[in-house]
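In: quick one: sequence plus predicted model below, questions after.
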Amino acid sequence: MTKYNSLFKQQVIEFYLQHHKNRSFTRQHFHLNKRTLNRWIAHSGIISQWLQAFEKQGINGLLPKPKGRPVMKSKSPKMPKFKTEEERLRYRILELEAEVAVLKKLRELNQQKMAKKPKSSTR
């Protein structure tokens, strides 16, 4: 499938409209196959789509559209930007204190779990 640039699309549309939608003259001017031009002009054809886009958005409607899925933005929090080294170090201390608190709580929960566990009898 051939892709056409916006300049070519605009030229075909303008020529087609200026010459009272004369298919054969448009086909001859752009050296197009009769079948190709008829397919383009058909109700759901290429030129009708180009015309609709051109009427709604002007030349911008003829520019190629981006294809594929849009790029996902990362959901991870970004590190704050610090004005001074002191601010950065204070933030790092807070991070480490939070990590220590989590580890202490985890150890405490683990000890409680072990205390509740019944001791198995030896044979």
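Out: In hand now; what should we look at?
In: CA-only coordinates of stretch 18-29 in CSV, if you can.
Out: Output in CSV follows, covering the C-alpha atoms of stretch 18-29 (Å, rounded to 0.1, in the frame of the first residue of the first chain):
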residue,chain,number,x,y,z
GLN,A,18,-11.1,23.1,-9.2
HIS,A,19,-11.9,21.0,-12.3
HIS,A,20,-15.5,20.3,-11.2
LYS,A,21,-14.7,16.9,-9.9
ASN,A,22,-13.7,15.7,-13.3
ARG,A,23,-12.3,12.2,-12.7
SER,A,24,-10.7,11.5,-16.0
PHE,A,25,-8.9,14.9,-16.1
THR,A,26,-7.6,14.4,-12.5
ARG,A,27,-6.5,10.9,-13.4
GLN,A,28,-4.6,12.0,-16.5
HIS,A,29,-3.0,15.0,-14.7
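In: roughly how far is it from the heart of the chain?
Out: Between the centre of stretch 18-29 and the centre of its host chain there is 39 Å, according to CA atoms, centre = their mean, to the nearest Å.
In: which positions within that stretch qualify as buried?
Out: Neighbour-count burial for stretch 18-29, with 16 or more other CB atoms under 10 Å as criterion, is recorded at Arg23, Thr26, Arg27. In this view, the C-beta of every residue, glycine as well, is placed from N, C-alpha and C.
In: using a markdown table, lay out the residues you listed together with secondary structure, distance to Ser6 and pLDDT.
Out: Putting those into a markdown table (DSSP: H, G, I helix; E, B strand; the rest coil; distance: CB to CB, whole Å; pLDDT from 0 to 100) gives the following:
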| residue | secondary structure | distance to Ser6 | pLDDT |
| --- | --- | --- | --- |
| Arg23 | helix | 22 | 74 |
| Thr26 | helix | 18 | 81 |
| Arg27 | helix | 21 | 79 |
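In: going by distance to Leu103, which of these wins?
Out: In terms of CB to CB, no member of these lies closer to Leu103 than Thr26, at 76.1 Å.
In: now that closest one, nearest residue through space, not along the chain?
Out: With CB to CB, 6 or more residues apart in numbering as the measure, Tyr16 is the residue that lies nearest to Thr26, at 4.9 Å, once sequence neighbours are left out.
In: nice, that's everything, thank you.
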